[in-house]
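*Asks:* Build the 3D model from these lines:
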Amino acid sequence: MTQLVVNFLGGEGVGKSTNALLTAGKLKRNGIETEYVPEWIKGQLYAGSTWGFKDQTYTYAKQRKLLMEPLSDPRIRVVVTDSPLILSAIYSDPYDSRLRVKVLEDFQGFNNLNILLTRTIPYSPVGRSGDVEQGKAVDAKILQYLKIHNIPFITAPGEDAEILAFNLAALWVYDRFPTLRGRRRGS
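*Replies:* Numbers count the residues shown, from 1 in each chain. Below you'll find the predicted structure:
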């Protein structure tokens, strides 16, 4: 895999979507071919469906498909997501070891930049199925998962993480594709 996947991690309402969108936009503006991959499950929530929350295998397949679409284009250098694949392992049934193994294997096949967000912004219930306390519980599960599986990550505050993500992703790209340095698109 020659692309970088920027994964914003954290529970509901920590700022994943905002940071992912800001990071993708800034990378694009700086001439780096970038795509944003949204949360499949959030689209289901807006459509009024909650059954996907109960079937993590199906949700994982849908999210993986969304992620693989831009990764199949060799011109894309960075994919930014607010729904990293490992979230399916976090939300899955703890006894579903097949799904958990598959998720981890797939995830480890990518060049990942993992940013675990800390809660520094007010929680908004819009577009969410839970509350802030459930989000904090997921934050703890993600941290535990990353540590248990020795997955490298950086911790960043929810309101400023896009700056860190942009700088690290741009350095990664410029290191591998030096001709892209200095390219900038219109504002």
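*Asks:* hang on, Asp73 is in a helix, isn't it?
*Replies:* No. Using DSSP: H, G, I helix; E, B strand; the rest coil, the assignment for Asp73 is coil, not a helix.
*Asks:* what's around it, how many residues?
*Replies:* Neighbour count for Asp73, taken as other C-beta atoms under 10 Å: 11. Bear in mind the C-beta positions are built from the backbone N, C-alpha and C, glycine included.
*Asks:* With Tyr95 instead?
*Replies:* Count around Tyr95 with other C-beta under 10 Å applied: 8.
*Asks:* ok, now the one 5 residues further on?
*Replies:* As a burial measure, Arg100 scores 20 neighbours (other C-beta under 10 Å).
*Asks:* quick one, what contacts the residue lying closest to it once chain neighbours are set aside?
*Replies:* Closest residue in space to Arg100, ignoring its immediate chain neighbours: Ala89 at 4.7 Å, by C-beta to C-beta, 6 or more residues apart in numbering. By C-beta atoms under 8 Å, 6 or more residues apart in numbering, Ala89 lies in contact with 99-100, 103-104, 145.
*Asks:* Determine the set of other helices and strands touching the one helix or strand in the chain whose mean pLDDT sits lowest.
*Replies:* Sorting the helices and strands of the chain by mean pLDDT, DSSP states H and E puts helix 40-46 at the bottom, at a mean of 78. Other elements packing on helix 40-46 under the criterion 3 or more C-beta pairs under 8 Å, 6 or more residues apart in numbering; DSSP states H and E are helix 56-71.
*Asks:* For the helix it packs on, buried residues please.
*Replies:* Across helix 56-71, burial judged by 16 or more other C-beta atoms under 10 Å covers 56, 59-60, 62-64, 66-67, 70-71.
*Asks:* contact partners of the next helix or strand after that helix?
*Replies:* Following helix 56-71 in sequence order, the next helix or strand is strand 78-81 (DSSP states H and E). With C-beta under 8 Å, 6+ apart as the contact definition, strand 78-81 has outside contacts at 3-8, 20, 23-24, 27, 32-38, 67, 70-71, 165, 169, 172-173.
*Asks:* Return the members of the residues you listed classed as buried.
*Replies:* 3-8, 20, 23-24, 27, 32-37, 67, 70-71, 165, 169, 172-173.
*Asks:* So which of these sit within strands?
*Replies:* 4-8, 34-37 (DSSP state E).
*Asks:* Could you dump those into a markdown table and include pLDDT and distance to Gly43?
*Replies:* Below are those laid out as a markdown table (pLDDT from 0 to 100; distance: C-beta to C-beta, whole Å):
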| residue | pLDDT | distance to Gly43 |
| --- | --- | --- |
| Leu4 | 98 | 24 |
| Val5 | 98 | 20 |
| Val6 | 98 | 20 |
| Asn7 | 98 | 19 |
| Phe8 | 98 | 17 |
| Thr34 | 98 | 20 |
| Glu35 | 98 | 16 |
| Tyr36 | 98 | 13 |
| Val37 | 98 | 12 |
